[in-house]
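Chemist: Have a look; sequence and predicted model below, questions after that.
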Amino acid sequence: MKIFLDTADIEEIKIAARWGVLDGVTTNPSLYAKVGGSYDAILAQICKITSGPVSAEVIAEDVEGMLTEGRHFAKIAPNIVVKVPMSETGLEAISRFADEGIKTNCTLVFSTNQGFLAAKAGASLVSPFVGRLDDINQDGMIVIRELAEMFAIHEIQSEVLAASIRNPLHVTQAALAGAHVATIPFKILQQMVHHPLTDKGIVQFRKDWDEARKNAAK
Ligand code: E4P
């Protein structure tokens, strides 16, 4: 399973890239609002850090508006993927982008049928929101599992991107459910690195090493 970072924060993206675990980035208007500045400039910077897919989300709700925004984003770098919300106009825009060779990520997917339609329209990435479904007492992972299975059975080329990841367990569950990608907030990526026994073990090994060196010098 590929790991995308779910952020518009350049420093976080640089760190994940240095760790060697970064396969791409997703942004959205809320993540952009946290960092501010020029969205275009941020996207250009992100695309210099990773050669993997970088999702840039359209705001327009009509087809022509989505196409104008998406074509603009696509010119920023070759690895830009235009993020289009699931809707009737969104599907039409996804289909038009596919005809133009522009890759898309269909966002705000909450049901298996929505994901199926997004794939049929030509989205290269389909993003079910696991956390937001869990928030309303529905098992978000079911949509991931069903779409992964459906795409495999019918040899559909679109990839299932587990979005709205809220904890490290979601990452494990998404991978085991067959997600092709999980987009992960930086804080959760850090949580995945750590384990209390690992951290304790590092301290103990250092202590024992220092003690052994002290004794050897006697
Ligand atoms: C990414 O593509 C999504 O926009 C993001 O994962 C949504 O996460 P949230 O539900 O925590 O806002």
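Modeler: Received it, and whenever you're ready, just let me know what you need. These numbers come from a predicted model, not from an experiment.
Chemist: element containing the residue nearest to residue 21 when sequence neighbours are not counted?
Modeler: Using Cβ to Cβ, 6 or more residues apart in numbering and skipping residues adjacent in sequence, the residue nearest residue 21 is residue 3, 5.4 Å away. C-beta coordinates here come from the backbone N, C-alpha and C atoms, glycine included. For residue 3, the element it lies in under DSSP states H and E is strand 2-6.
Chemist: Let me know the next secondary structure element after that strand.
Modeler: Following strand 2-6 in sequence, per DSSP H and E, is helix 10-19.
Chemist: Which element is encountered next along the chain beyond that next one?
Modeler: Of the helices and strands lying after helix 10-19 in sequence (DSSP H and E), the nearest is strand 24-26.
Chemist: and that next one, what other elements does it pack with?
Modeler: Judged by 3 or more Cβ pairs under 8 Å, 6 or more residues apart in numbering; DSSP states H and E, strand 24-26 is in contact with strand 2-6, strand 54-57, strand 181-184.
Chemist: Just the pLDDT for the nearest residue to residue 100 once chain neighbours are set aside.
Modeler: What sits nearest to residue 100 in space, not counting adjacent residues and going by Cβ to Cβ, 6+ apart, is residue 71, at 7.6 Å. Turning to residue 71, the model gives it a pLDDT of 98.
Chemist: now do residue 218
Modeler: At residue 218, pLDDT is 87.
Chemist: same question, residue 124
Modeler: 98.
Chemist: Number of residues surrounding it?
Modeler: Neighbourhood size, residue 124 [other Cβ atoms under 10 Å]: 21.
Chemist: Against residue 84, how distant is it?
Modeler: 11 Å (Cβ to Cβ, to the nearest Å).
Chemist: Residue 166 too?
Modeler: Applying Cβ to Cβ to residue 166 and residue 84 gives a distance of 23 Å.
Chemist: And for residue 41?
Modeler: Taken as Cβ to Cβ, the span from residue 41 to residue 84 is 22 Å.
Chemist: who has more neighbours, those two?
Modeler: For residue 41 and residue 84, the more surrounded residue by other Cβ under 10 Å is residue 84, and the numbers stand at 30 against 10.
Chemist: how about that one, phi and psi?
Modeler: phi -120, psi 130 (degrees, to the nearest 10).
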